[in-house]
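1. only geometry, no sequence info:
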């Protein structure tokens, strides 16, 4: 087991109200490093072919898109209906979604599943990390999303980030 995985496990045991940003500060690592070792998450590396990833995102139906900068967080729900990727820039639009994507700032992306402890529910997301390992953009599936398209994306693009 990696040293970081062990440190994160201890941190979570000592901090019942686990928050990713607090763990990042305490452990002095990036969000990307934490999500790839967190045993509470099922994580697949889906790579850097953002055009292919967004081909699957278009199939997801209604999702929640969350973008973060150091200045704030923007969250919106809708459908990624029209997605155009031009090199390392993207434009998306659809019902409830109108986002400009600066893909050149992104380093990698992950499909993430997390089982909620208090419910029999699995939360699914696609997380895009920037070059510093910060989650710059996240797409959360909603109860109206197409889970089959998410699973298809993992089967076609995903590779495990760790050996269990």
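-> Structure's in. What do you need? Bear in mind that the values here come from a model prediction, so they are computed numbers and not experimental data.

2. Now do the contacts for the residue positioned nearest the centre of the chain.
-> Nearest to the geometric centre of the chain sits residue 127, at 1.6 Å (CA atoms, centre = their mean). Residues near residue 127 by CB atoms under 8 Å, 6 or more residues apart in numbering: 35, 109, 110, 112, 135, 137, 138. Placement of C-beta: from N, CA and C, glycine included.

3. between those residues, which is closest to residue 29?
-> residue 35 (10.5 Å; CB to CB).

4. now the helix or strand of the chain with the lowest mean pLDDT, how far from the chain's geometric center?
-> Among the helices and strands of the chain, strand 159-160 carries the lowest confidence by mean pLDDT, DSSP states H and E, at a mean of 80. Using CA atoms, centre = their mean, to the nearest Å, the mean C-alpha position of strand 159-160 is found 14 Å from that of the whole chain.

5. What of stretch 122-135?
-> Centroid separation between stretch 122-135 and its chain, computed with CA atoms, centre = their mean, is 3 Å.

6. Stretch 8-26 too?
-> With CA atoms, centre = their mean, you get 19 Å for stretch 8-26.

7. Do me a favour and get the end-to-end distance for that stretch?
-> In stretch 8-26, first residue to last residue: 10 Å (CA to CA, to the nearest Å).

8. Next, the buried residues of it.
-> 8, 23, 24 (16 or more other CB atoms under 10 Å).

9. for stretch 141-154, same thing?
-> Residues 141, 145, 149, 150, 153, 154 are the ones in stretch 141-154 that count as buried (16+ other CB under 10 Å).

10. before we move on, what about stretch 153-164?
-> Quick answer for stretch 153-164 (16+ other CB under 10 Å): 153, 154, 157, 158, 161.

11. and which of those is nearest residue 61?
-> residue 153 (13.2 Å).

12. I'd assumed residue 110 was in contact with the closest one.
-> No - using CB atoms under 8 Å, residue 153 makes no contact with residue 110, being 11.3 Å away.

13. List the residues that are in contact with both of these two.
-> 46, 126.

14. Chain neighbours aside, what residue packs nearest to residue 132?
-> residue 30 (6.4 Å; CB to CB, 6 or more residues apart in numbering).

15. Equivalent analysis for residue 94, please.
-> Using CB to CB, 6+ apart, the nearest residue to residue 94 is residue 81, at 3.1 Å.

16. Quick check, pLDDT for that neighbour.
-> pLDDT for residue 81: 89.

17. what does residue 121 give?
-> Residue 121 is assigned 87 on the pLDDT scale.
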